[in-house]
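S.K.: prediction below, plus the sequence it came from.
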Amino acid sequence: MGGLSNDSVSSRIARILTDAAEQLASIGAGNPRFEAELLLAQALDKPRVYLFAHPRAELTPAENSRFLALLERRLESVPIQYVMGSAQFRDLELNVAPGVLIPRPETELLVDYAWQALERRREKLQGGDSSMPGPWLIDVGVGSGAILLSMMQEERKRCGSSEGSWFQPLGIDLLPTPLTSTGNNAGKARLPRPALMRSDFLSAVTTDAPIAGILSNPPYVSASEMEALPVEIYEYEPHEALFGGVDGMSAIRILLDQAAPYFQQGAFFCCEIGGAQAELVREALDERNLWKWSQILPDLAGKPRVVLIEPDRDPLLP
Ligand SMILES: C[S@@+](CC[C@H](N)C(=O)[O-])C[C@H]1O[C@@H](n2cnc3c(N)ncnc32)[C@H](O)[C@@H]1O
């Protein structure tokens with residue numbers, strides 16, 4: 001009997017991808033074909049390029065059931081990064097699992113702004129006693145470690161892996177799962193394990209050592225924005241990582257208050273904010289007499305998304 005049975009046709013890679021992409025489109029997946037490829041490559045334990053090179057290859061029953069199990073989770077609207085167990089952030093591939101926020105592309109820009117501020121701070125502080133431990137760089141709400149580990153990675157690029165970092169990285173989170181995640185992701189990226197501390201924002205920080213800077217992507221989603229979140233986020237991502245009180249500003253206000261003593265030492269502060277929060281942030285800065293050292297910086301689309309405070313710079317604005 002010539003030809004192929006329906007079963008064998010539908011277990012070929014090209015056909016599986018087409019069918020899965022259609023199903024993923026029906027749940028509103030952002031890039032259904034790409035996601036189908038990611039899931040299938042993971043089920044086959046092969047790089048994505050294998051799929052393009054072998055469109056007519058058939059799956060074994062074991063491969064097929066692995067793929068269907070992954071696809072089923074994604075069709076329940078579990079975010080693709082949780083299904084895959086990893087997320088890309090700048091040069092890092094970070095493990096992510098429920099309980100840890102999936103790092104977002106917009107946060108990558110915060111790292112650029114923070115790195116520039118850290119370089120300016122380093123120039124100011126250099127000349128100090130090099131036998132003393134370096135100043136702390138603190139990431140409040142460290143999550144998967146996306147921001148802090150990226151800063152450590154930039155530092156490794158700057159000074160090479162042989163030299164130690166000039167700053168001491170410290171990751172803080174309210175919850176234990178993100179702290180474990182950051183520690184594991186440091187190992188995965190072959191970076192030294194940063195100091196990790198469970199704390200309600202900065203409240204447990206007591207240090208005589210200077211602080212170079214404070215970084216944060218805090219929870220800043222307002223009550224009304226929470227109600228409008230897609231199922232994928234609302235149902236699966238930790239609300240502690242998202243909800244920032246009625247106007248989304250609670251965490252930002254607390255951080256500004258708790259950071260006040262460190263501003264007096266010249267520490268910089270670099271913090272992500274919501275796209276509609278610039279006015280509220282400016283008010284909060286004004287109330288604390290911080291606006292003269294502050295900038296609200298845009299993302300690539302021109303939206304104000306990062307507040308940067310640099311108290312050891314000459315006042316930036318009248
Ligand atoms: C928006 S997520 C940011 C995660 C990660 N830094 C990133 O950019 O992907 C906010 C993080 O703040 C943590 N968090 C929430 N409330 C906190 C608090 N009161 N003190 C410390 N961390 C807190 C959450 O657990 C979560 O990991």
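M.R.: Happy to help now that I have it.
S.K.: Q258 should be in a strand, yeah?
M.R.: No: going by DSSP: H, G, I helix; E, B strand; the rest coil, the assignment for Q258 is helix, not a strand.
S.K.: shouldn't it be in contact with F201?
M.R.: Yes: contact criterion C-beta atoms under 8 Å: Q258 and F201 qualify, at 5.6 Å. Quick note: C-beta positions are derived from backbone N, CA and C, even for glycine.
S.K.: so those two - more neighbours on which side?
M.R.: For Q258 versus F201, the count of surrounding residues by other C-beta atoms under 10 Å is larger for F201: 20 against 16.
S.K.: in three-state terms, label that one for me.
M.R.: Three states are possible here, and by three-state DSSP the one that applies to F201 is coil.
S.K.: residue contacts, it?
M.R.: Shown in contact with F201 (C-beta atoms under 8 Å, 6 or more residues apart in numbering): V140, G141, I172, L174, A251, I254, L255, Q258.
S.K.: ranking those by neighbours, who comes first?
M.R.: The most neighbours, when those are compared by other C-beta under 10 Å, belong to V140, which has 29 neighbours.
S.K.: and the most centrally placed residue in the chain, how close does it get to E227?
M.R.: Residue closest to the average C-alpha location in the chain (C-alpha atoms, centre = their mean): P103, at 2.7 Å. Distance, P103 to E227, by C-beta to C-beta, to the nearest Å: 24 Å.
S.K.: same thing with G164?
M.R.: 47 Å.
S.K.: more neighbours: which of the two?
M.R.: A count of neighbours by other C-beta under 10 Å puts G164 above the other of G164 and E227, at 12 against 9.
S.K.: quick check: the gap between the more buried one and the ligand.
M.R.: G164 is 24 Å from the ligand, where distance means C-beta to the nearest ligand atom, to the nearest Å.
S.K.: mind checking what secondary structure that residue has?
M.R.: The three-state label given to G164 by three-state DSSP is coil.
S.K.: does the ligand have contacts with the longest helix seen in the chain?
M.R.: Looking only at the chain and at elements set by DSSP state H, the helix with the highest residue count is helix 106-125. Yes: taking C-beta under 6 Å from any ligand atom as the criterion, helix 106-125 and the ligand are in contact, through T107.
S.K.: tilt between whichever helix or strand comes after that helix and helix 106-125?
M.R.: Tracing the chain C-terminally past helix 106-125 and defining elements by DSSP states H and E, one meets strand 136-140 next. Direction vectors for strand 136-140 and helix 106-125, defined by axes from the mean of the first three to the mean of the last three C-alpha atoms, to 10 degrees, enclose an angle of 160 degrees.
S.K.: what residues of the helix or strand just after strand 136-140 count as buried?
M.R.: For strand 136-140, the succeeding helix or strand toward the C-terminus, using DSSP H and E, is helix 146-159. Of the residues in helix 146-159, those with enough neighbours to count as buried (16 or more other C-beta atoms under 10 Å) are A146, I147, L148, L149, S150, M151, M152, Q153, E154, E155, R156.
S.K.: of those, closest to the ligand?
M.R.: Nearest to the ligand among those is A146, at 4.2 Å by C-beta to the nearest ligand atom.
S.K.: I'd guessed the closest one sits against L92; true?
M.R.: Yes: with contact taken as C-beta under 8 Å, A146 and L92 are classed as touching, separated by 7.1 Å.
S.K.: next structured bit after the helix or strand encompassing L51?
M.R.: L51 is part of helix 48-53 when elements are defined by DSSP H and E. Sequence-wise, the next helix or strand beyond helix 48-53 is helix 61-75, with elements assigned using DSSP H and E.
S.K.: that'll do, ta.
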